[in-house]
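A.B. asks: model this:
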Amino acid sequence: MSRHPENHEHAFERLNTACQRLFETWCESRSVIPLGYLLHCWPLPDKGHASVKRLADGLRELGRTDPGALSGRIWPILCELASCIDEIVLYPRIYLRKVVDDAPPVARAAYVM
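C.D. replies: Numbers count the residues shown, from 1 in each chain. Sure, this is the predicted structure:
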């Protein structure tokens with residue numbers, strides 16, 4: 001796993017390529033339920049941490065409700081996708097610049113003496 005910001009773009013390219021392959025495979029096999037889960041969160045609206053996490057959560061939920069949808073020809077694609085998501089989500093400070101929507105709210109602390 002590389003920790004250079006220029007690889008951030010590469011991780012997103014790989015993520016989008018894997019999602020495109022999932023889309024094509026599920027369209028070809030007319031797997032409507034998995035397609036619904038995928039299209040709920042992909043294409044990503046931005047490169048923010050929240051968007052990538054929503055994609056990961058959606059695929060995790062698909063695995064819980066329909067485990068058979070994630071086997072067979074889909075498994076290698078999911079492994080690649082999981083690798084990309086790990087790079088982006090587990091190390092957001094290395095790869096991502098904060099997006100306003102992703103930033104935690106700022107609160108002022110009042111100290112009373």
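A.B. asks: please identify the helix or strand for H10.
C.D. replies: Assessed by DSSP states H and E, H10 sits inside helix 6-28.
A.B. asks: what sits up against that helix?
C.D. replies: Helix 6-28 is contacted from outside by 31, 34-35, 38-39, 42-44, 47, 52, 55, 69, 73-74, 77-78, 80-81, 83-85, 87-88, 95-96, using CB atoms under 8 Å, 6 or more residues apart in numbering. Any C-beta I mention is one placed from the backbone N, CA and C, and that applies to glycine too.
A.B. asks: may I ask which helix or strand of this structure has the lowest mean pLDDT?
C.D. replies: Least confident element among the helices and strands of the chain, by mean pLDDT, DSSP states H and E: helix 92-95 (a mean of 50).
A.B. asks: before we move on, the earlier item: report the buried members of the contacts of helix 6-28.
C.D. replies: For these, a neighbour count by 16 or more other CB atoms under 10 Å gives the buried set as 31, 34-35, 38, 42, 44, 47, 52, 55, 69, 74, 77-78, 81, 84-85, 87-88, 95-96.
A.B. asks: what about the most centrally placed residue in the chain, distance to D46?
C.D. replies: Closest to where the C-alpha atoms of the chain average out (CA atoms, centre = their mean) is V52, at 3.1 Å. Look at V52 and D46: by CB to CB, to the nearest Å, they are 10 Å apart.
A.B. asks: now stretch 26-33: buried residues?
C.D. replies: 26, 31.
A.B. asks: start to end distance for that stretch?
C.D. replies: 9 Å (CA to CA, to the nearest Å).
A.B. asks: the strand or helix carrying D57 vs helix 6-28, what angle?
C.D. replies: Per DSSP H and E, D57 falls inside helix 49-65. Helix 49-65 runs at 40 degrees relative to helix 6-28, counting by axes from the mean of the first three to the mean of the last three CA atoms, to 10 degrees.
A.B. asks: which elements pack onto helix 49-65?
C.D. replies: helix 6-28, helix 32-41, helix 74-85 (3 or more CB pairs under 8 Å, 6 or more residues apart in numbering; DSSP states H and E).
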